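Student: From the sequence below, what's the structure:
(chains A and B)
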Amino acid sequence: MKAVITVIGKDMVGILAKVSTKCSDNNINVLEVTQSILQDMFAMIMLVDISKSDIPFTDFADSLSRMGDEMNLSIHAMHEDIFNAMHTI
Amino acid sequence: MLNSKDILETITMIQDEHLDVRTITMGISLLDCCHSDINIMCDKVYDKITRYAEKLVSTGEQIEKQFGIPIINKRISITPAAMILASCDNKDAVKLAKTLEKAACTCGVNFLGGFSALVQKGFGPGDRELIEAIPEALAVTDHICSSVNIGSTKAGINMDAVALMGKAVKKSAELTADRDCIGPAKLVVFCNAPEDNPFMAGAFHGAGEPDSVINVGVSGPGVVRAALAKAGDCDLTAVADLIKKTAFKITRMGQLVANEASKRLNVPFGIVDLSLAPTPAVGDSVAHILEEMGLECCGCHGTTAALALLNDAVKKGGVMASSHVGGLSGAFIPVTEDAGMIDAARCGALSITKLEAMTAVCSVGLDMINIPGDTPAEVISAIIADEAAIGMVNSKTTAVRVIPAIGKKVGDELSFGGLLGSGPVMPVSTYSPLKFISRGGRIPAPMQSLKN
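Tutor: Numbers count the residues shown, from 1 in each chain, chains lettered A, B, ... in the order given. Take a look at the predicted model:
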């Protein structure tokens, strides 16, 4: 089971580190990362494997979103099915 | 890997363009709750609803978190109440309404629909009792929605029921005058009512439906408007194409949520309702889509054509995205629930006559329109009859949900709060249809050939 984590906001030191630490803390494996910086805006998309996660996915999504609030970033973790459903026939 | 452009598009749709699943509605058949003693029947009704829908709200919330999509409403629709009321010796419909309210509160749902009667050809046992009880039932409950089907393409229009409903709408407003006349905002009068509609106030669980079913209504006017804004100056063929593509994406999301809800609740999936349902929030308006197409203000000449294009493209795009489509599918034009419509009504660009024309090409009907409080019941009946005639002749669903603003006149405002929104009182014709309405009888079903 895979999920997509998106991080959007103002660039700062340690975004990638914090998000990937959160993943490893919960036994979530990072499969792929793409990121881009347009002017000051930071956009990162991370594909992760949540099948061995030791907490329920909804709790993980909540904790990421809280972390985003603290760092003034918008962080979402969403099940990959929604993207597959919406963008593939 | 997934295309990052697609991922960001989905996130933008949800965050900035108000994409959401408008409702997960669980249909529950109450036919097996019939009993000649109304007290026993009410106990059975309460028990069945709370048993079946026990986990509806919590499951909806879990799905919301898993996919990151807001699911605004969790609702229940039931067998038309008049059908089960028919079995009781004492047909106390208000008692049944209170039981339904209690069940809705226990389950934590936003609305429960199906305090309904189907009388397109005539009144069966329980139908009159239910219709007469509607104003009081809506006044003493907060979560119950009522609908009455008074006509169909196959049966014609029951004008006796039309006359009764005009009075019911008026009385319902009077009984809730102290609460901005909220009563009639929960009451819809239908022609060709669909049996699997997940949207309120007209949801009920039709007689041909299974014991229990999950229906999902999607939304997303903001997404369509944003897509059109990005497209810039293209011709209407390209506009229709773009709307189809957007509707496809929105509906796929609805289908995903419907499948997941059906699996988790172990209830069969019914339909996805392919709808563009506006909310009063800025950026979530159907009127603004029409304006984005190039109208100065919703309600000007050209509005009907633009709406026809929109409505058709939404269906074409959505149909391929879902395994089963039903309900009211199309663009909704509820005045008080749509920021653009409210503005158009306030500035006088949008009139009831124009709205009536628009209902001939959109998915529902005259919806959430505030009319002067001194409008006589027969005028409301005549509005219902006109709208039902459009639905009957064109083989489509039409409906009327008007709110007589007791003690208010044209230009004053009513505010219902939440998704029901607020809006100005709009003028209606003051010439009287009294004699026509009081004739009663039935308007015969129309020809289905010689289409001219």
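Student: for B:Ala445, what are its contacts?
Tutor: Neighbour list for B:Ala445: B:Ser152, B:Thr153, B:Lys154, B:Ala155, B:Gly156, B:Met392 [criterion: CB atoms under 8 Å, 6 or more residues apart in numbering or on different chains]. Quick note: C-beta positions are derived from backbone N, CA and C, even for glycine.
Student: before we move on, what about B:Ala193?
Tutor: Shown in contact with B:Ala193 (CB under 8 Å, 6+ apart): B:Leu118, B:Ser147, B:Asn149, B:Ser152, B:Gly202, B:Phe204, B:Thr397, B:Ala399.
Student: Can you classify it by secondary structure?
Tutor: Of the three states, B:Ala193 takes coil under DSSP: H, G, I helix; E, B strand; the rest coil.
Student: By residue count, tell me the biggest helix in the chain.
Tutor: This is for chain A. helix A:57-71 (DSSP state H).
Student: Not quite, go with chain B.
Tutor: helix B:236-265.
Student: returning to that earlier point: now the very next helix or strand once past the longest helix of chain A: buried residues?
Tutor: Counting by DSSP states H and E, the next helix or strand C-terminal to helix A:57-71 is strand A:73-79. In terms of neighbour count (16 or more other CB atoms under 10 Å in any protein chain shown), strand A:73-79 has its buried residues at A:Leu73, A:Ile75, A:His76, A:Ala77, A:Met78, A:His79.
Student: thought the fifth one was touching A:Ile45?
Tutor: No - counting by CB atoms under 8 Å, A:Ile45 is not a contact partner of A:Met78; they are 10.8 Å apart.
Student: B:Gly317 contacts B:Phe248, correct?
Tutor: Yes - with contact defined as CB under 8 Å, B:Gly317 counts as touching B:Phe248 (4.4 Å).
Student: more crowded one of these two?
Tutor: More crowded of B:Gly317 and B:Phe248, by other CB atoms under 10 Å in any protein chain shown: B:Gly317, with 24 against 21.
Student: residue contacts, that one?
Tutor: So B:Gly317 contacts B:Ile243, B:Lys244, B:Lys245, B:Thr246, B:Ala247, B:Phe248, B:Thr251, B:Leu274 (CB under 8 Å, 6+ apart).
Student: What score does the second one have for pLDDT?
Tutor: Each residue has a pLDDT score; the one for B:Lys244 is 94.
Student: Go ahead and confirm it touches B:Ala313.
Tutor: Yes - B:Lys244 lies in contact with B:Ala313 (CB under 8 Å); the separation is 4.9 Å.
Student: The two: who's more crowded?
Tutor: Taking other CB under 10 Å, B:Lys244 and B:Ala313 do not tie; B:Ala313 has more neighbours (22 against 18).
Student: Tell me the buried residues in the longest helix of chain A?
Tutor: Quick answer for helix A:57-71 (16+ other CB under 10 Å): A:Phe57, A:Thr58, A:Phe60, A:Ala61, A:Ser63, A:Leu64, A:Ser65, A:Met67, A:Gly68, A:Met71.
Student: Ok, stretch B:225-235 next?
Tutor: Buried residues in stretch B:225-235 (16+ other CB under 10 Å): B:Arg225, B:Ala226, B:Ala227, B:Leu228.
Student: Now distance to B:Pro210 too, for those residues, in a markdown table please.
Tutor: Below are the buried residues of stretch B:225-235 laid out as a markdown table (distance: CB to CB, whole Å):
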| residue | distance to B:Pro210 |
| --- | --- |
| B:Arg225 | 37 |
| B:Ala226 | 38 |
| B:Ala227 | 36 |
| B:Leu228 | 39 |
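Student: I'd like to know which of these is nearest to chain A.
Tutor: The nearest member of the buried residues of stretch B:225-235 to chain A, counting by CB to the nearest CB, is B:Ala227 at 13.1 Å.
Student: where's the closest one, which helix or strand?
Tutor: B:Ala227 belongs to helix B:221-231, assigned by DSSP H and E.
Student: Near the residue lying closest to B:Ala385 once chain neighbours are set aside, how many other residues are there?
Tutor: Nearest non-adjacent residue to B:Ala385, counting by CB to CB, 6 or more residues apart in numbering or on different chains: B:Val162, 5.1 Å away. A count of nearby residues for B:Val162, using other CB under 10 Å, gives 28.
Student: Run a quick neighbour tally on A:Leu31.
Tutor: When neighbours are defined as other CB under 10 Å, A:Leu31 has 12 of them.
Student: What does the pLDDT read for the closest residue to chain A within the stretch 301-450 of chain B?
Tutor: As assessed by CB to the nearest CB, chain A sits closest to B:Met320 within the stretch 301-450 of chain B, at 8.1 Å. In this model, B:Met320 is scored at 91, pLDDT.
Student: Would you reformat the contacts of B:Ala193 as TSV and include distance to chain A and neighbour count?
Tutor: TSV is the format used below for the contacts of B:Ala193 (distance: CB to the nearest CB, whole Å; neighbours: other CB atoms under 10 Å in any protein chain shown):
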residue	distance to chain A	neighbour count
B:Leu118	36	23
B:Ser147	32	27
B:Asn149	34	27
B:Ser152	35	22
B:Gly202	28	30
B:Phe204	29	31
B:Thr397	28	23
B:Ala399	30	26
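Student: I'd like to know which of these are part of strands.
Tutor: If you go by DSSP state E, the contacts of B:Ala193 have B:Leu118, B:Ser147, B:Asn149, B:Ser152, B:Ala399 in strands.
Student: pLDDT of stretch B:19-27, averaged?
Tutor: Stretch B:19-27 carries an average pLDDT of 93.
Student: On the three-state scheme, the closest residue to B:Val119 other than its chain neighbours is what?
Tutor: Counting by CB to CB, 6+ apart, B:Val119 lies nearest to B:Ala161, which is 4.6 Å off, once chain neighbours are set aside. Following three-state DSSP, the label given to B:Ala161 is helix.
Student: one step back: what's the overlap in contacts for A:Met78 and A:Ile45?
Tutor: A:Val4, A:Thr6.
Student: Quick one: mean pLDDT over the longest helix of chain A.
Tutor: For helix A:57-71, mean pLDDT is 90.
Student: how much does that helix deviate in direction from strand A:73-79?
Tutor: Angle, helix A:57-71 to strand A:73-79, by axes from the mean of the first three to the mean of the last three CA atoms, to 10 degrees: 170 degrees.
Student: Convert the C-alpha atoms of helix A:57-71 to PDB, please.
Tutor: Provided in PDB are the C-alpha atoms of helix A:57-71 (Å, rounded to 0.1, in the frame of the first residue of the first chain):
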ATOM      1  CA  PHE A  57      -2.400   5.800   8.200                       C
ATOM      2  CA  THR A  58      -5.000   8.300   9.400                       C
ATOM      3  CA  ASP A  59      -2.900   9.000  12.600                       C
ATOM      4  CA  PHE A  60       0.200   9.400  10.400                       C
ATOM      5  CA  ALA A  61      -1.600  11.900   8.100                       C
ATOM      6  CA  ASP A  62      -2.800  13.800  11.200                       C
ATOM      7  CA  SER A  63       0.700  14.000  12.700                       C
ATOM      8  CA  LEU A  64       2.200  15.200   9.400                       C
ATOM      9  CA  SER A  65      -0.400  17.800   9.000                       C
ATOM     10  CA  ARG A  66       0.300  19.100  12.600                       C
ATOM     11  CA  MET A  67       4.000  19.200  11.800                       C
ATOM     12  CA  GLY A  68       3.100  21.200   8.700                       C
ATOM     13  CA  ASP A  69       1.200  23.700  10.800                       C
ATOM     14  CA  GLU A  70       4.100  24.100  13.200                       C
ATOM     15  CA  MET A  71       6.500  24.800  10.300                       C
END
